[in-house]
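J.: requesting a structural model of the entry that follows:
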Amino acid sequence: MASTARDTAKTKTAGGLEETRQPADVTIAADAQALSEQLKAMRERLFPPAASKTLRAFSSGEAAKLIGVSDGYLRQLSLAGEGPQPETGAGGRRFYSLSDINALRLYLSEQAISKGNLQKARTYLPRRDAARGEHLQVISVTNFKGGSGKTTSAVHLAQYLALSGHRVLAVDLDPQASLSALFGYQPELDLTGNDTLYGAIRYDGAARPLSDVIRKTYFPGLDLVPGNIELQEFEHETPQALSRRQGGEENGPVFFARIQAALQTVEDDYDVVVIDCPPQLGYLTLSALCASSSVLVTVHPQMLDVASMNQFLFMTSDLLSVVREAGGTLNFDFLRYLVTRYETNDGPQAQIVGFMRSLFGDRVLTSPMVKSTAVSDAGLTKQTLYEVGRENFTRATYDRALEAMNAVNGEVETLIHSSWGW
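T.: Model (predicted):
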């Protein structure tokens, strides 16, 4: 009773007026509801009439660059009626959807194969060949500290690989669901129970196949496993499952093998999986790391962030050693540190990057992800640098940001291809 009286006590405002103080949970719930309604209204304004995102068309120059041919060659194909035909706009300008681009890739790849040039075919359509032992590449993007550019790095990597012709699955493992938001989902409105990876890795009889959870996106070649707050249930249920396992009551994969087991059921459909891990070292992150063939650790080049990463590495090492002793396999194709939000004219940041390179050598990616207003401005409309057109920005700003982003993701793509022996 005393607590209730305190919760509803009268307080004086700065203007001397009396107001009733609500319980904290009521205030927070009201704020969450108000924000949710505004985000829904904003989405409906930005992406009418279905309030869903679409991907813009690409100019012939952009399409040619994505495929790896000249614009003139694309024009010749179009005039000859070979391959998919583009839309023609004012002044005869040609525009290609990503589906058109992928169809052109397939056409050119088949032409190269017919001439016995497998290597050329793969430059057009870089698909892994499981029959040749080219395994599914699972990349976890992780960091212990929020604000390190983890989700931004994950979404741009996934989209870059899809634009390059790979079959990509993006997995949002963060209960805050920022990756899902960038793909146009509002978790509390668009997702119900069992719509996240939790639905495929949960311990009870309500588990469902991962294929039922995966959603197509407006990016052809890029599918999504969305996230929401229900992912946190895995953190709560795993200790209980471990206790039952010790008592001989729990069957199925142990917690650190559950994501790997789920991904194995869909591996034939994808070349690369990109996992956006939560900014904490819990059971979800550990399970993701055990499912991974490679890891990217994002690092903001500030001393406090580097110190935080140091603790993250110590904790990760200790926990993974326990997992390894329990039978988990931890053989990464590559482990790389990605410098994010890098300001080229910032001397202290340059010193920290140099310090990291002296310690870790080539485990630090050569290219940093630079801090750019183009990336943050695109984020205002829940878009990425690959979704917005160059015409929406100062061209020099956009070009610098895109060049830096492509350099980072191209470096990762090279590592992926190397893991396949290309």
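
J.: span of stretch 64-75 from start to end?
T.: 10 Å (CA to CA, to the nearest Å).

J.: name the surrounding residues that touch that stretch.
T.: 58, 60-61, 63, 94, 101, 104-105, 108, 123-124, 163-164 (CB atoms under 8 Å, 6 or more residues apart in numbering). (C-beta placed from N, C-alpha, C; glycine too.)

J.: of those residues, just the buried ones, ChimeraX syntax please.
T.: In ChimeraX, a selection of the buried entries from the contacts of stretch 64-75 looks like this (16 or more other CB atoms under 10 Å):
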select :58,60,63,94,101,104,105,108,123,124,163,164
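
J.: need the max-distance pair from the contacts of stretch 64-75.
T.: Pairwise distances across the contacts of stretch 64-75 peak at 22.0 Å for Arg94 and Thr123 (criterion: CB to CB).

J.: in TSV: the contacts of stretch 64-75, plus pLDDT.
T.: Converted to TSV, those look like this (pLDDT from 0 to 100):
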residue	pLDDT
Phe58	93
Ser60	92
Gly61	92
Ala63	94
Arg94	89
Ile101	95
Leu104	94
Arg105	95
Leu108	94
Thr123	92
Tyr124	94
Leu163	97
Ser164	96
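
J.: just the ones of the contacts of stretch 64-75 in strands?
T.: Phe58, Arg94 (DSSP state E).

J.: any chance of the contacts of stretch 64-75 in TSV, plus distance to Gly354?
T.: Supplementary listing: the contacts of stretch 64-75 in TSV, determined by distance: CB to CB, whole Å:
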residue	distance to Gly354
Phe58	38
Ser60	42
Gly61	37
Ala63	39
Arg94	46
Ile101	39
Leu104	43
Arg105	40
Leu108	43
Thr123	35
Tyr124	39
Leu163	32
Ser164	31
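
J.: and which of the contacts of stretch 64-75 is nearest Leu415?
T.: Ser164 (13.5 Å).

J.: now do the contacts for the closest one.
T.: Leu66, Pro126, Glu413.

J.: pLDDT of the helix or strand containing Leu74, averaged?
T.: Here Leu74, judged by DSSP states H and E, is contained in helix 71-80. Helix 71-80 shows an average pLDDT of 89 in the prediction.

J.: and what of stretch 148-159?
T.: Mean predicted confidence for stretch 148-159 is 94.

J.: got it, and stretch 315-324?
T.: Averaged across stretch 315-324, the pLDDT comes to 83.

J.: which residues does it contact?
T.: Residues outside stretch 315-324 that contact it (CB under 8 Å, 6+ apart): Phe144, Phe256, Leu281, Leu286, Leu289, Cys290, Gly328, Leu330.

J.: ok so, going back, output the contacts of Ser164 as CSV; include the columns secondary structure, pLDDT and neighbour count.
T.: Formatted as CSV, those follow (DSSP: H, G, I helix; E, B strand; the rest coil; pLDDT from 0 to 100; neighbours: other CB atoms under 10 Å):
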residue, secondary structure, pLDDT, neighbour count
Leu66, helix, 94, 18
Pro126, coil, 95, 22
Glu413, helix, 98, 18
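
J.: tabulate those (CSV), appending distance to Arg75.
T.: Formatted as CSV, these follow (distance: CB to CB, whole Å):
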residue, distance to Arg75
Leu66, 16
Pro126, 24
Glu413, 27
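
J.: of those residues, which is the nearest to Thr384?
T.: Leu66 (15.2 Å).

J.: for the stretch 301-422 of the chain, what spans make up the strands?
T.: Assigned by DSSP state E, counting those that start in this stretch, the strands in the stretch 301-422 of the chain fall at 334-339.

J.: farthest pair within the contacts of stretch 315-324?
T.: Largest pairwise distance in the contacts of stretch 315-324, by CB to CB, is 19.8 Å, between Phe144 and Gly328.

J.: care to break this protein down by domain?
T.: 58-124, 130-419 (automatic domain parsing).

J.: got any ranges where the protein has weak pLDDT?
T.: In the prediction, the chain carries residues with pLDDT under 70 at positions 1-29, 32, 35-36, 39, 42-52, 146.

J.: how about a cut-off of 50?
T.: Per-residue confidence for the chain (pLDDT under 50) gives these ranges: 1-6, 49-50.

J.: got TSV for the domains of the chain, with distance to Ala34 too?
T.: Shown next, in TSV, are the domains of the chain (distance: least, CB to CB, whole Å):
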stretch	distance to Ala34
domain 58-124	36
domain 130-419	13
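
J.: closest to Gln38 out of those domains?
T.: It is, among the domains of the chain and with distance given as CB to CB, domain 130-419, at 10.8 Å.

J.: just the endpoints, please. Distance across the closest one?
T.: 13 Å.

J.: what ranges do the strands span in the stretch 151-300 of the chain?
T.: Ranges of strands in the stretch 151-300 of the chain, per DSSP E, counting those that start in this stretch, are 168-172, 215-216, 222-225, 272-276, 294-299.

J.: let me have those strands in a markdown table, extended by mean neighbour count and distance to Pro209.
T.: Below are these laid out as a markdown table (neighbours: other CB atoms under 10 Å; distance: least, CB to CB, whole Å):
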| stretch | mean neighbour count | distance to Pro209 |
| --- | --- | --- |
| strand 168-172 | 27 | 14 |
| strand 215-216 | 12 | 14 |
| strand 222-225 | 24 | 12 |
| strand 272-276 | 28 | 16 |
| strand 294-299 | 24 | 25 |
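
J.: any idea which of those gets closest to Phe183?
T.: The nearest among these, by CB to CB, is strand 222-225 at 5.4 Å.

J.: pairing partners for that closest one, with directions?
T.: For strand 222-225, the paired strands and their directions (DSSP bridges) read strand 168-172 (parallel), strand 215-216 (antiparallel).

J.: so which of those strands comes closest to Ser140?
T.: Among those, the nearest to Ser140 by CB to CB is strand 168-172 (9.1 Å).

J.: and Leu161, how far from Asn409?
T.: 7 Å (CB to CB, to the nearest Å).

J.: which of those two has more residues huddled nearby?
T.: Leu161 (25 against 22; other CB atoms under 10 Å).

J.: ok, the spatially closest residue to that one that is not a sequence neighbour to Glu343 distance?
T.: Distance criterion CB to CB, 6 or more residues apart in numbering; nearest residue to Leu161, sequence neighbours excluded, is Val168 at 4.9 Å. Computed with CB to CB, the distance linking Val168 and Glu343 is 30 Å.
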